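Visitor: Structural data only, the sequence is not supplied:
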Ligand SMILES: [Zn+2]
């Protein structure tokens with residue numbers, strides 16, 4: 001720590017002691033500090049009552065990462081809003097007033113070097129920091145080549161719903177969130193055996209916002225994003241498999257849906273501009289179309305081996321927010337209907353999960369091989 005920063009810190013502590021009740025006018029508040037542990041990283045979200053300028057820096061001995069936020073007042077110092085798990089890259093998070101006009105959030109880092117990345121989201125204004133464990137297989141790769149110029153290697157698997165969001169509820173108490181997690185785990189294992197690197201947005205029964213799901217995918221530069229769901233219909237006779245891709249022709253409409261669901265107005269989609277731009281060009285579409293077809297065909301093939309009458313509801317377009325937000329070819333698979341008595345029973349069996357995982361994995365392998373042939377041919 002330099003002399004200067006030590007003095008600043010001292011001054012900050014003094015201000016905390018002397019300055020109680022002397023809050024300068026016009027400052028913003030820290031409304032919440034949240035810590036999320038993910039398999040590959042820990043995310044710290046600092047929510048403010050308005051937009052603020054901030055900058056980050058590091059301190060040694062012990063290793064700390066700090067964020068200084070201008071024009072913010074913290075009434076009482078915050079300590080460990082939630083401590084991270086033992087293996088997490090973060091030890092502790094605290095926040096306090098650094099100067100009269102500036103708050104400081106300090107994250108104590110765990111042993112060894114860790115990588116981190118800070119960005120912000122709007123409405124509400126949030127400063128988000130992702131801290132990665134040293135040597136984590138899922139740190140972002142340094143090369144920033146585009147997904148269409150490189151082989152398909154890293155798959156982001158997104159088991160839909162989870163935690164307080166059960167998804168569709170079916171006959172006999174079957175919950176979509178459980179069905180899709182079971183399929184996704186088996187799919188993960190199969191894909192790893194086939195040589196892919198797999199990142200799951202959730203590994204257990206936990207709630208994640210859509211933003212969380214795709215932020216992980218985009219930061220880690222997945223090559224493909226596969227969201228797994230189970231269907232429900234008011235018509236209890238409806239059964240079968242359907243696969244969705246985003247309809248880019250309705251991107252303005254989709255943007256509005258996305259904006260509303262994120263509590264963000266359309267003029268404030270800065271965070272999504274890059275994604276929107278690629279969607280406007282329909283850039284991902286032809287890849288997503290091929291991917292959806294390969295997966296759909298091979299899922300049907302595999303399921304029909306065990307369940308002969310499985311209906312084919314086709315490859316469709318839909319304005320799914322989770323697909324809109326993913327900055328890579330993304331599709332959503334509905335593996336069956338929990339609202340149909342027979343299919344609900346089937347969906348909760350391990351045999352079905354195995355057949356579905358095998359089918360989806362084969363489709364991804366076919367897509368990868370086809371993509372590799374196109375790369376060689378320069379198409
Ligand atoms: Zn769903």
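Guide: Nice, I can see it. Everything quoted here is computed from the prediction, not taken from an experiment.
Visitor: Tell me which stretches of the stretch 201-350 of the chain form helices.
Guide: Along the stretch 201-350 of the chain, the stretches classed as helices by DSSP state H, counting those that start in this stretch are 210-219, 251-261, 273-280, 285-306, 321-324, 341-347, 350-377.
Visitor: Please name every helix or strand in contact with the fourth one.
Guide: Helices and strands touching helix 285-306, as assessed by 3 or more CB pairs under 8 Å, 6 or more residues apart in numbering; DSSP states H and E, comprise strand 241-246, strand 312-318, strand 330-337, helix 350-377. All C-beta spots, glycine's among them, are computed from the backbone N, C-alpha and C.
Visitor: nearest to residue 162, of these?
Guide: For residue 162, the closest of the helices and strands packed on helix 285-306 is strand 330-337, at 15.3 Å, according to CB to CB.
Visitor: picking up where we left off before, let me have the helices and strands packed on helix 285-306 in JSON lines, extended by mean pLDDT, mean neighbour count and distance to the ion.
Guide: Below are those laid out as JSON lines (pLDDT from 0 to 100; neighbours: other CB atoms under 10 Å; distance: least, CB to the ion, whole Å):
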{"stretch": "strand 241-246", "mean pLDDT": "83", "mean neighbour count": "24", "distance to the ion": "11"}
{"stretch": "strand 312-318", "mean pLDDT": "82", "mean neighbour count": "15", "distance to the ion": "12"}
{"stretch": "strand 330-337", "mean pLDDT": "91", "mean neighbour count": "26", "distance to the ion": "7"}
{"stretch": "helix 350-377", "mean pLDDT": "94", "mean neighbour count": "18", "distance to the ion": "14"}
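Visitor: So for residue 148, which of the ones you listed sits nearest?
Guide: The nearest among the helices and strands packed on helix 285-306, by CB to CB, is helix 350-377 at 8.3 Å.
Visitor: roughly how far is the closest one from the heart of the chain?
Guide: 22 Å (CA atoms, centre = their mean, to the nearest Å).
Visitor: Of the helices of the stretch 201-350 of the chain, which is nearest residue 193?
Guide: It's helix 350-377; of these, that one is closest to residue 193 (CB to CB) at 8.4 Å.
Visitor: by contact count, what packs against the closest one?
Guide: Looks like helix 350-377 contacts helix 176-193, strand 224-231, helix 285-306, strand 330-337 (3+ CB pairs under 8 Å, 6+ apart).
Visitor: Please name whichever of those is nearest to residue 204.
Guide: Taking these one by one with CB to CB, helix 176-193 is closest: 7.5 Å.
Visitor: Show residues contacting the closest one.
Guide: 155, 157-163, 165-170, 198, 200, 202-205, 226, 228-230, 232, 335-336, 338, 347-348, 350, 353-354, 356-358, 360-361, 364 (CB atoms under 8 Å, 6 or more residues apart in numbering).
Visitor: which parts of that helix are buried?
Guide: Within helix 176-193, the residues that qualify as buried are 176-188, 190-191, counting by 16 or more other CB atoms under 10 Å.
Visitor: got JSON lines for the helices of the stretch 201-350 of the chain, with distance to residue 76 too?
Guide: Shown next, in JSON lines, are the helices of the stretch 201-350 of the chain (distance: least, CB to CB, whole Å):
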{"stretch": "helix 210-219", "distance to residue 76": "28"}
{"stretch": "helix 251-261", "distance to residue 76": "33"}
{"stretch": "helix 273-280", "distance to residue 76": "37"}
{"stretch": "helix 285-306", "distance to residue 76": "49"}
{"stretch": "helix 321-324", "distance to residue 76": "37"}
{"stretch": "helix 341-347", "distance to residue 76": "49"}
{"stretch": "helix 350-377", "distance to residue 76": "49"}
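Visitor: Return the member of the buried residues of helix 176-193 nearest to the ion.
Guide: The closest of those to the ion turns out to be residue 176 (CB to the ion; 5.3 Å).
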